[in-house]
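Visitor: Just a sequence and a predicted model for now, questions to come.
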Amino acid sequence: MMRWGSIVTTDQQGWRKGPWTPEEDKLLSEYVRLHGDGRWSSVARSSGLNRSGKSCRLRWVNYLRPGLKRGQITPQEEAIIIELHALWGNRWSTIARYLPGRTDNEIKNYWRTHYKKRSSQKQEKRKADHDHSKQKQQEEGRERIELANNTAAVDHDHLGDQQGRQDDQTVMMTCPTMDQDQWLRLLTQDSVVGSWSDNPVVEEELWGDLWNMDDHASNYINCNRTAFPMGGDPNTTYNI
DNA sequence: AACTTACGCAACCGCGAAAAG
DNA sequence: TCTTTTCGCGGTTGCGTAAGT
């Protein structure tokens, strides 16, 4: 299936843009096989591809790289995405590290398609139905977020995130009752992963909360239908 | 059958961080 | 130390296809 139009153009530097051809894929794969990935600018210059380094990297990472999974996101993967998104927000590359064979782009697309839309639909409905009460909830939510931000402990390096982006302090927190490794082990256990997404009641609660979260509210992790701000008092539950 | 809408996803863009000079 | 280049990330776009009317 031809995508991204059929038109291949060139940018200001003369690099080709648009869909990759099978010949280009073959060239890139062969070049990376011989020389390894990385050094994308030299890949662009030396491989014979008239593509920018950026374009080469993207094509390799998202499409040609060995070990990539094809096909639908499984329920287990979906649950991991949701829960890691609640942990880290839109840090797709970090989330992708816990889903072998899936790319950040794929996860990002999946999230946007499935949850952003449903989130906004729910939000619209809720807005129509409960405009007043929602406003009140938001005010209460802001107070809790302030509490979360005041109590949360930032721990970038624990999960090997070397990037340390500017907004890190708002998303990467420490669970008060277990460390991150414990948490992630728990996440990837089938019994836990299946539990929320398989239960329509819990799912509704969880989605209702997660989909309406903004970046700051991602500081919260939902556990057993309650939520607590990461780093907050483990003996206190916070209903979002 | 024709048309419209929604979905899925490859690819591009802009920005910030890291590395190199 | 400063500047330039490269890399990687998240956000966004736009096209093909499937589903609905």
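Guide: Noted; the coordinates are in hand.
Visitor: for chain A, where's the lowest mean pLDDT among helices and strands?
Guide: strand A:226-229 (a mean of 31; mean pLDDT, DSSP states H and E).
Visitor: Any stretches of chain A with poor pLDDT?
Guide: Along chain A, the model assigns pLDDT under 70 to residues A:1-7, A:116-240.
Visitor: Need the nearest residue in space to A:G53, chain neighbours excluded.
Guide: Closest residue in space to A:G53, ignoring its immediate chain neighbours: A:W40 at 3.4 Å, by CB to CB, 6 or more residues apart in numbering. Glycine gets a C-beta too; all of them are placed from N, C-alpha and C.
Visitor: List the residues that contact that neighbour.
Guide: A:53-54, A:56-57 (CB atoms under 8 Å, 6 or more residues apart in numbering).
Visitor: Also A:Y31?
Guide: Here A:Y31 is in contact with A:43, A:46-49 (CB under 8 Å, 6+ apart).
Visitor: For it, give its distance to A:W15.
Guide: For A:Y31, the distance to A:W15 equals 16 Å [CB to CB, to the nearest Å].
Visitor: cool, A:S55 as well?
Guide: Taking CB to CB, one finds A:S55 at 7 Å from A:W15.
Visitor: PyMOL command for the buried members of the contacts of A:Y31?
Guide: Applying 16 or more other CB atoms under 10 Å to these leaves a buried subset, and the PyMOL line that selects it is:
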select buried, chain A and resi 43+47+49
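Visitor: hmm, which two among the contacts of A:Y31 are most spread apart?
Guide: Largest separation among the contacts of A:Y31 by CB to CB: A:V43 and A:G48, giving 10.1 Å.
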